[in-house]
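S.K.: Test case, fold it:
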Amino acid sequence: MAVLYINEFRGLPPCQKGDALATQAQPLASQTVAISGTSASSAPFNPDTSWVDISTDTTCSIAFNQGNASGFGQTAVNATATTSNMRLAANERKLFYVKVGPFGFPGYNNQNADNNGVAPQVLAVGVIANT
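M.R.: Have a look, this model is predicted:
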């Protein structure tokens, strides 16, 4: 069975000039999504996730989708990928910055709704097999 592997990280250690970019040793959360000819969605990312490490054991396409959180860790977001979305080759691994706040701006604190009651945004990734 072909699989998309997702590891979520809270943040990255600070980089100094000449330092290599590295993730934390222990992910905040991990999940897998089965890859087939029909798009499948991951579970929503943890609200504390800033970075995701995505790897695949087969060629596929992925797409990130966002939705409004209805509570901590609960949402109706369903990420859908098509073969025209970002393509990953078999055994490829990529690191993505995915922190998105209430207004869709990367880096905005998405821990709680803002004072106007705007629900925080959450992300998920969709995947579909590609050749």
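S.K.: Relative to S41, how far out is I54?
M.R.: Distance of I54 to S41, computed by CB to CB, to the nearest Å: 14 Å. (Glycine included, C-beta is placed from N, CA and C.)
S.K.: Over to N85?
M.R.: Computed with CB to CB, the distance linking N85 and S41 is 13 Å.
S.K.: any shared contact partners between these two?
M.R.: With contacts taken as CB atoms under 8 Å, 6 or more residues apart in numbering, the residues that reach both N85 and S41 are G126.
S.K.: that older thread, residues bridging contact with I54 and S41, i.e. touching both?
M.R.: Shared contacts of I54 and S41, counting by CB under 8 Å, 6+ apart, come down to V125.
S.K.: Give me the more crowded residue out of these two.
M.R.: When I54 is set against S41 and neighbours are counted by other CB atoms under 10 Å, the residue ahead is I54, at 23 against 17.
S.K.: now the helices: where do they sit in the protein?
M.R.: Under the criterion DSSP state H, helices are not mapped anywhere in the chain.
S.K.: low-scoring pLDDT stretches of it, where are they?
M.R.: By pLDDT under 70, the low-scoring segments of the chain are 12-24, 66-76, 100-122.
S.K.: where exactly do the strands run in it?
M.R.: 3-9, 29-34, 40-41, 51-56, 60-71, 74-75, 86-88, 93-97, 121-129 (DSSP state E).
S.K.: among those, which is the most enclosed?
M.R.: Across these, averaging neighbours per residue (mean count of other CB atoms under 10 Å) puts strand 121-129 on top, at a mean of 23.
S.K.: Put the alpha carbons of that strand into CSV.
M.R.: This file holds the C-alpha atoms of strand 121-129, laid out as CSV (Å, rounded to 0.1, in the frame of the first residue of the first chain):
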residue,chain,number,x,y,z
GLN,A,121,-7.8,28.4,10.6
VAL,A,122,-6.6,24.8,10.5
LEU,A,123,-4.9,22.9,7.7
ALA,A,124,-4.9,19.4,6.3
VAL,A,125,-3.2,17.9,3.2
GLY,A,126,-4.9,15.9,0.5
VAL,A,127,-3.1,13.4,-1.6
ILE,A,128,-3.7,11.4,-4.8
ALA,A,129,-1.6,9.0,-6.8
